[in-house]
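# Following is a predicted model, sequence given first.
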Amino acid sequence: MGSTFQEIEIAAPADKVWQTIRDFHDVSWAPNVVTSVDVVGDKSGDQKGAGRVLNGVFHETLRMLDDVSKTFTYSIDEGPGPLSDGQMKNYVGRVVVEHIAGGTRVEWTSNWQENDEAIYEFCHPIYVALLDDLKASLEG
């Protein structure tokens, strides 16, 4: 199984960070990474099964959202390059927001069935950039 792990500390309350990222359809906090979000289906951005297409190529589905633990999981169902159909299986991302002294830690992990280094090399810098944008949007 392949995986990625990224984390960042943000000087903002955990509740504020969670409210910023919990809506699966609103990625306005990442303007340097996400250029478009197309909502798929009729589920709201906090309902299991909510679908979206990011930047016209990343087809994703919200699998779980828990306000108590400030956690959500999602799948990438189709994407470009090494995330295309047939090249990866069972891709699940998980975002956890937790209070720490002085602010918040956000952990973003992903797992997929094949241990393909190309998936890691493709995805890891995207998640780092997303977390950097999140930090900038909340601290700036």
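Perfect, thanks for sending it.

# tell me the pLDDT at residue 115?
Residue 115 is assigned a pLDDT of 64 by the prediction.

# and if you look at the one 4 residues further on?
Model confidence at residue 119, expressed as pLDDT, equals 92.

# and it, which of the three is it?
What DSSP: H, G, I helix; E, B strand; the rest coil gives for residue 119 is helix.

# all strands of the chain, in order?
Listed from the start of the chain, the chain has strands (DSSP state E) covering 2-10, 37-40, 51-54, 58-66, 71-78, 91-100, 103-112.

# would you turn the ones you listed into a markdown table with mean pLDDT and distance to residue 137?
In this view, the C-beta of every residue, glycine as well, is placed from N, C-alpha and C. Below are the strands of the chain laid out as a markdown table (pLDDT from 0 to 100; distance: least, C-beta to C-beta, whole Å):
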| stretch | mean pLDDT | distance to residue 137 |
| --- | --- | --- |
| strand 2-10 | 96 | 9 |
| strand 37-40 | 98 | 15 |
| strand 51-54 | 98 | 17 |
| strand 58-66 | 98 | 20 |
| strand 71-78 | 96 | 18 |
| strand 91-100 | 97 | 14 |
| strand 103-112 | 97 | 12 |
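
# Put together CSV for these, with mean neighbour count on each row.
Converted to CSV, these look like this (neighbours: other C-beta atoms under 10 Å):
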stretch, mean neighbour count
strand 2-10, 17
strand 37-40, 16
strand 51-54, 20
strand 58-66, 17
strand 71-78, 18
strand 91-100, 17
strand 103-112, 19
